[in-house]
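> model the following, please.
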Amino acid sequence: MAFKSKKQKAVTIDREKLHGIDEAIALAKSGATSKFDETIEVALNLGVDPRHADQMVRGVVTLPKGTGKTVRVGVFAKGAKADEARAAGADVVGAEDLMELVQGGTIDFDRCIATPDMMGIVGRLGKILGPKGMMPNPKLGTVTMNVGAAVEAAKGGQIEYRVEKAGIIHSGIGKASFPAEDLRANFDALVDAVVKAKPSGAKGKYVQKVAVSSTMGVGIKVDVAGVVAA
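Next up is the predicted model:
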């Protein structure tokens, strides 16, 4: 049995009740009583089977109010593009030298961007970066010649979302310290992006369940009808 603090015990949540999204966010914030600034997280259960290519849901979205996290960005580039990446605020920039660091187990970044000509080098790191969800991908805008804009987007609140094997997308939408209206704006941006990314193979009801929680808190069920028509 997980230990609950007095503050957590004071927050009573009916885990079977469907809540409006604003109420759910308020409850999640009130239940975030840890000493650290917990992340407010969203779980979206989708009517897809990601084992089928035409039912994969993956993309990027910029959270308008940011993530509340400091994102370290690594860029594989040379010459002028490397300079562009550094000017945009990239934390680590390199080519073969950066590949060797990663192969040696040093990964000092959370997001990875590469120019197209570097993919021969980055491809060798697939077994390392792939499982961590860091492999650059042209569909996600992380394989690009416009590295400056990509770095700024990653630093400015852009996140990647991807449906997991069970058909669920998990994503943070900010910190518990965020104003409720900022969390709502980020929530709306995420849901809108996921709905627009509905794959051709999805049949029946697409967004089936929605829940909100804090890092250490319980899941709070959200009335899907109140946030999405699909």
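
> where do the helices sit along this structure?
Secondary structure of the chain (DSSP state H): helices located at 6-10, 21-31, 79-87, 96-103, 119-122, 126-129, 147-155, 180-196.

> so can I have CSV of the ones you listed showing mean neighbour count and mean pLDDT?
All C-beta spots, glycine's among them, are computed from the backbone N, C-alpha and C. CSV is the format used below for the helices of the chain (neighbours: other CB atoms under 10 Å; pLDDT from 0 to 100):
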stretch, mean neighbour count, mean pLDDT
helix 6-10, 11, 46
helix 21-31, 22, 95
helix 79-87, 16, 97
helix 96-103, 16, 96
helix 119-122, 16, 96
helix 126-129, 13, 95
helix 147-155, 22, 95
helix 180-196, 19, 96
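
> for residue 169, which of those is the nearest?
With CB to CB as the criterion, residue 169 lies closest to helix 180-196 of the helices of the chain, at 6.3 Å.

> tell me what the closest one is packed against?
On a contact count with 3 or more CB pairs under 8 Å, 6 or more residues apart in numbering; DSSP states H and E, helix 180-196 meets helix 21-31, strand 39-46, strand 58-62, strand 158-162, strand 168-175, strand 207-214.

> what's next to that helix, contact-wise?
Under the contact criterion CB atoms under 8 Å, 6 or more residues apart in numbering, helix 180-196 has outside partners 21-22, 25-26, 29, 40, 42, 44, 46, 57, 59-65, 159, 161, 169, 171, 173-174, 178, 206-207, 210, 212, 227-228, 230.

> hmm, 7 Å instead?
Where contact means CB atoms under 7 Å, 6 or more residues apart in numbering, the residues beyond helix 180-196 that reach it are 21-22, 25-26, 29, 40, 42, 44, 57, 59, 61, 63-65, 161, 169, 171, 173-174, 207, 227-228, 230.

> got the angle between that helix and strand 207-214?
Angle, helix 180-196 to strand 207-214, by axes from the mean of the first three to the mean of the last three CA atoms, to 10 degrees: 150 degrees.

> between helix 180-196 and strand 39-46, how big is the angle?
Using the same axes, to 10 degrees: helix 180-196 against strand 39-46 is 30 degrees.

> could I get the helices and strands packed on helix 180-196 in CSV, plus columns for distance to residue 112?
Below are the helices and strands packed on helix 180-196 laid out as CSV (distance: least, CB to CB, whole Å):
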stretch, distance to residue 112
helix 21-31, 30
strand 39-46, 21
strand 58-62, 13
strand 158-162, 11
strand 168-175, 19
strand 207-214, 28
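
> nearest to residue 136, out of the helices of the chain?
Comparison of those against residue 136 by CB to CB identifies helix 119-122 as nearest, at 5.9 Å.

> and the closest one, how far out from the chain middle?
Relative to its chain's centre, helix 119-122 lies at 24 Å (CA atoms, centre = their mean, to the nearest Å).

> one more: stretch 59-71?
Centroid separation for stretch 59-71 versus its chain: 8 Å, with CA atoms, centre = their mean.

> thinking again about what came up before, are any of the contacts of helix 180-196 buried, and if so which?
Buried members of those, counted by 16 or more other CB atoms under 10 Å: 21, 25-26, 29, 40, 42, 44, 57, 61, 63, 65, 161, 169, 171, 173-174, 207, 227-228.
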